[in-house]
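Enquirer: could you work out the structure for the sequence below:
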Amino acid sequence: MVQSSPANTDIDASLIATLRVLASDKFGKEVKVRAMADGGSHMCMISRRLQQLLDLEQRKLSVPMEGAGRCGIDSKTFVDLKISPADGGSSTGEWIRAGVMSVVSGKLPPTQFDISDWNHLDGLPLADETFNMPDDIDILLSVEFMARIQGNKIIRDHSNSNRPVVSYTTFGWIVYGALPSSQKFASLSHLAIADCQRIADNLERLWRVDAVKEKSLLTSEEARCEQIFSETIKRAEDGRYSVAMPIMDNPPKLGNSLRAAIARQLQNER
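Expert: Residues are numbered from 1 along each chain as shown. Purely as a prediction, here's the structure:
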C-alpha cells in the first residue's frame, strides 16, 4: 500500500468511494470506522490505530509488499477481522485478512463539498452518509473484496454528467467518480501489491541450497564397498537377500588383547 504526496497543481477532482463499517474482532468487540475502496489495491489494509483499538492478534506477513516504483512498504504483520455495514446495507458481515500499516491514507475527501442538489442520491441507503466530509480512513478494501460485495446497479445524475455515480453494494450504496470542475483538490493514489515474483525467486534459491547432490564424494574404501554390494547382491528362492561382506586388504592389528579375552571367556564359563 503506498500513498502519494498531494500534488502541487490543482487537477479535476475524483471522489474515492468510502464506507462506514463496524470493525470487530472474534470476540464481538466493535469499532465504527471509515473504509475506502480502491480498485488498485490487491490486499486489504488497516491502520495501526484500528489494530490497537481492537487489540487484534498480529501475525508475521510472509508476502513482501511493494508500492509503485518498488517503493518500500512498512506493513510487516497481518490480522483477521470482521467488517459489517454501519450506515446501511444488507450484508451480515465479511471476514477479511488485512496488512497493518501505520497510516492507511490521509483524510478523505480532502475538503468538504456541497451535495444539497444531488437529487440522484435521494432515498438511497448510502454506505457512508457523510461521504462529502473529510474524515480519517482506517481500512482500505481490496479490489477482490469490492468485487465480492458489489452489485450491478448504477445510478447516474442525468442532469449533470460530471457528478459521481452511485453504485449498489451489500454494504449500502457507494458514491464515486469525477466531481464537477468547480471541485478541485489534490489527488491521492493508493496501491497494495503482493510481490509474488520475489516469493518465487526466494523459493528457487531455497531449493538450490537444499538440493541433494547427485554424486557424493566417497573414499576409496567406501567406493569399494558399494562396488561389492552392487556386484554380489542377489535374491534367494525364499525371498531373502544375500551379499558378500567387504573385507579390508590390510586390516589393522587388534593389539595384545589375547590374555584379556581368555580371562573374560573363563569368567563367563563359571
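
Enquirer: my guess is Ser90 contacts Thr170, does it?
Expert: Yes: taking Cβ atoms under 8 Å as the definition, Ser90 is a contact partner of Thr170 at 5.2 Å. Yep, even glycine has a C-beta here, placed from its N, CA and C like the rest.

Enquirer: so what's the residue count around Gly172?
Expert: For Gly172, the count of nearby residues is 23 (other Cβ atoms under 10 Å).

Enquirer: would you agree it is in contact with Ile149?
Expert: No: applying Cβ under 8 Å as the test, Gly172 and Ile149 come out as separate, 9.7 Å apart.

Enquirer: the helix or strand where Arg205 lies - what's its average pLDDT?
Expert: For Arg205, the host element (DSSP states H and E) is helix 196-210. The pLDDT scores in helix 196-210 average 66.

Enquirer: just for the stretch 101-250 of the chain, where's the confidence low?
Expert: Scanning the stretch 101-250 of the chain for pLDDT under 70 picks out 181-203, 207-216.

Enquirer: which residue ranges of it form strands?
Expert: Ranges of strands within the stretch 101-250 of the chain are 139-141, 150-155, 165-169, 174-178, 190-191, 193-194, 234-235, 241-242, based on DSSP state E, counting those that start in this stretch.

Enquirer: quick one: closest of those strands to Ala13.
Expert: The minimum distance between Ala13 and those falls on strand 174-178, with 7.6 Å, by Cβ to Cβ.

Enquirer: for that closest one, which outside residues touch it?
Expert: By Cβ atoms under 8 Å, 6 or more residues apart in numbering, the surrounding residues in contact with strand 174-178 are 12-19, 37, 121, 126-128, 131, 162-167.

Enquirer: pairing partners for it, with directions?
Expert: strand 14-15 (antiparallel), strand 165-169 (antiparallel) (DSSP bridges).

Enquirer: in TSV: those strands, plus mean neighbour count and distance to Asp55.
Expert: Shown next, in TSV, are the strands paired with strand 174-178 (neighbours: other Cβ atoms under 10 Å; distance: least, Cβ to Cβ, whole Å):
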stretch	mean neighbour count	distance to Asp55
strand 14-15	18	33
strand 165-169	20	28
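
Enquirer: okay, those strands in TSV with distance to Arg270 next?
Expert: Putting the strands paired with strand 174-178 into TSV (distance: least, Cβ to Cβ, whole Å) gives the following:
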stretch	distance to Arg270
strand 14-15	102
strand 165-169	94
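
Enquirer: closest to Ile155 out of those strands?
Expert: That would be strand 165-169 among these, by Cβ to Cβ, at 4.5 Å.

Enquirer: which parts of this structure are helices?
Expert: Using DSSP state H, the helices of the chain run over 48-54, 143-149, 196-210, 220-232, 258-269.

Enquirer: need the ones you listed in JSON lines with distance to Met248, can you?
Expert: Output for those, formatted as JSON lines (distance: least, Cβ to Cβ, whole Å):
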{"stretch": "helix 48-54", "distance to Met248": "68"}
{"stretch": "helix 143-149", "distance to Met248": "68"}
{"stretch": "helix 196-210", "distance to Met248": "35"}
{"stretch": "helix 220-232", "distance to Met248": "7"}
{"stretch": "helix 258-269", "distance to Met248": "21"}
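
Enquirer: format these as CSV; extra columns: mean neighbour count and distance to Lys76.
Expert: What follows is the helices of the chain, written out as CSV (neighbours: other Cβ under 10 Å; distance: least, Cβ to Cβ, whole Å):
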stretch, mean neighbour count, distance to Lys76
helix 48-54, 17, 11
helix 143-149, 16, 21
helix 196-210, 10, 15
helix 220-232, 11, 48
helix 258-269, 9, 66
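
Enquirer: much appreciated, bye for now.
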